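Student: Any chance you could fold what I've pasted below:
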Amino acid sequence: MPRSAVGSAYGRALFTNQGVLATWLPDRDLRVGDIVARASGTGILTVETTLADLLHGAAPATVTRDGPDAVTLQRGATIDYAAATGVPVLTAALSFASESSFIFVARQGVSEHYERLEPIRAALLDLAAANAWRATWQIVTGVRRFTTCTIVIARQAGTTARITLDPAIALPGLDTLTAAAKVAITGGDASTWELTNAAPLYEALTVQRNFWTGQPGVSDGTFMDLDSRPPDEHIVIRAEPGELDLP
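Tutor: Numbers count the residues shown, from 1 in each chain. You can find the predicted model right below:
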């Protein structure tokens with residue numbers, strides 16, 4: 001499986017399961033109101049401008065909320081506590097069933113997002129109508145920032161690793177994994193990130209042409225008979241995950 005397909009599987013899993021996009025690369029710093037473009041093929045995000053700049057400073061209000069305290073997401077990853085026996089540091093063994101299996105562990109979260117999306121949607125439509133919006137752009141409408149975050153994405157089936165446990169939690173379980181802990185790959189191959197004060201998850205909107213414009217015409221029996229006016233309107237939609245190439 002190409003590296004881009006492995007990374008893309010991680011991004012799609014987060015979007016399908018949590019409704020969020022993967023910041024790429026995960027250590028890329030994003031803020032609400034950033035206008036970003038995702039590089040074709042690699043998925044790397046570039047901040048090209050901000051909504052405040054496009055609106056000449058008239059940016060809508062944002063809100064910030066604490067939480068969640070802990071997030072643990074995984075697909076195809078298993079943890080073996082018994083394998084930690086005899087190891088001086090409190091650790092456990094991780095194994096990944098297939099390439100693109102991953103584990104995401106984060107602590108002390110804070111979410112920031114726009115207070116209302118209606119003004120954002122209206123502003124994007126105005127920008128598109130004025131030809132001031134590029135088709136490749138997304139606007140960041142929410143970010144999830146964590147004090148610490150560890151991400152491991154397997155590049156090979158059967159990859160194994162060792163990761164630190166949280167000694168404050170006595171019972172075994174995925175919640176005992178310590179975020180931003182040192183990850184040691186013990187077999188196979190994987191991409192790893194050990195982050196602090198990072199925003200690895202975000203939400204975004206984008207604008208596209210509305211190809212369903214026009215008024216219903218007099219039906220001649222054909223399917224979805226519409227008049228012949230050109231599609232001259234836009235719609236605002238939720239941005240979806242793209243290809244993410246592993247470094």
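Student: Would you mark the buried spots in the longest strand along the chain?
Tutor: Longest among the strand segments of the chain by residue count, using DSSP state E, is strand 190-210. For strand 190-210, the neighbour count (16 or more other CB atoms under 10 Å) marks 190-191, 193-195, 198-207, 210 as buried. C-betas here are computed from N, CA, C, even on glycine.
Student: Okay, now the sheet partners of that strand, with direction.
Tutor: In the sheet, strand 190-210 lines up against strand 21-22 (antiparallel), strand 137-154 (antiparallel), strand 233-238 (antiparallel) (DSSP bridges).
Student: Run the angle between the next helix-or-strand element following the second one and strand 190-210 for me.
Tutor: Elements were assigned by DSSP states H and E; along the chain past strand 137-154, the next helix or strand is strand 160-164. Interaxial angle of strand 160-164 relative to strand 190-210 (axes from the mean of the first three to the mean of the last three CA atoms, to 10 degrees): 90 degrees.
Student: so what strands line up beside strand 160-164?
Tutor: In the sheet, strand 160-164 lines up against strand 91-96 (antiparallel), strand 184-187 (antiparallel) (DSSP bridges).
Student: if we can go back for a sec, which one of the strands paired with strand 190-210 has the poorest average confidence?
Tutor: For the strands paired with strand 190-210, mean pLDDT drops lowest on strand 233-238, to a mean of 91.
Student: quick one: buried residues of it?
Tutor: His234, Ile235, Val236.
Student: Likewise for stretch 147-167?
Tutor: By neighbour count with 16+ other CB under 10 Å, stretch 147-167 contains the buried residues 147-156, 159-166.
Student: so how far is that stretch off the chain centroid?
Tutor: 18 Å (CA atoms, centre = their mean, to the nearest Å).
Student: what's the top helix by length along the chain in contact with?
Tutor: For the chain, the helix with the greatest residue count under DSSP state H is helix 3-18. With CB atoms under 8 Å, 6 or more residues apart in numbering as the test, helix 3-18 has contacts from 20-22, 24, 41-43, 73, 75, 99-100, 102, 104, 153-155, 191, 201, 240-246.
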